[in-house]
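Colleague: take this sequence and fold it.
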Amino acid sequence: MPTMETAASAAYGLRPPTLADARTAVERAYSRAAVEIWRELLASARLTGQEGDRPSLERLLAAMDAYPDGVMGLCARALRIRLESHARLTAAFAMTHPASRSGASS
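Modeller: Model (predicted):
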């Protein structure tokens, strides 16, 4: 049975960002320096890089915001916009698809 989040993701074609998405952003922005920068960000956020929960992603985004480089801040902002957009679309989906909340098929 799909969760509300997965149903909303399918309906709107937008999935929440992950640590892997953040790493991809770092790799695209910093190419050769990305490996070391990624390690610094994980250490700063006290993460292993294997986490999959929203609080861990938010800690990483805070570390990205604190990184002394405007490009990293822009990467964090883009991921945060996507995270918040997904949360709001999921909430809108829940309000407009009450059958999905109860587990009944729509």
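Colleague: which strands and helices lie in contact with the lengthiest helix in the chain?
Modeller: Scanning the chain for the longest helix, with DSSP state H as the assignment, gives helix 70-96. In terms of contacts (3 or more CB pairs under 8 Å, 6 or more residues apart in numbering; DSSP states H and E), helix 70-96 is packed against helix 4-12, helix 19-30, helix 54-66, helix 98-102. No exception for glycine: its C-beta is placed from N, CA and C like everyone else's.
Colleague: centre-most residue in this protein?
Modeller: Residue closest to the mean C-alpha point of the chain, counted by CA atoms, centre = their mean, is P17 at 2.6 Å.
Colleague: could I get the contacting residues of it?
Modeller: For P17, the contacting residues are 57, 79, 82-83, 86, by CB atoms under 8 Å, 6 or more residues apart in numbering.
Colleague: ok, R23 next?
Modeller: Taking CB under 8 Å, 6+ apart as the contact definition, R23 lies against 34, 38, 49.
Colleague: burial count for the first one?
Modeller: Taking other CB atoms under 10 Å as the criterion, the count of residues near A34 is 16.
Colleague: from now on call the first residue 727
Modeller: Okay, residue one is now 727; in that scheme the one you just asked about reads as A760.
Colleague: you'd agree it is up against E753?
Modeller: Yes. Contact between A760 and E753 holds when scored by CB atoms under 8 Å: they sit 4.3 Å apart.
Colleague: rebuild the contacts of R749 as TSV, extending it with distance to Y793.
Modeller: Formatted as TSV, the entries for those read as follows, by distance: CB to CB, whole Å:
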residue	distance to Y793
A760	12
W764	11
G775	16
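Colleague: which one of the residues you listed is nearest Y738?
Modeller: For Y738, the closest of those turns out to be G775, at 27.5 Å, with distances computed as CB to CB.
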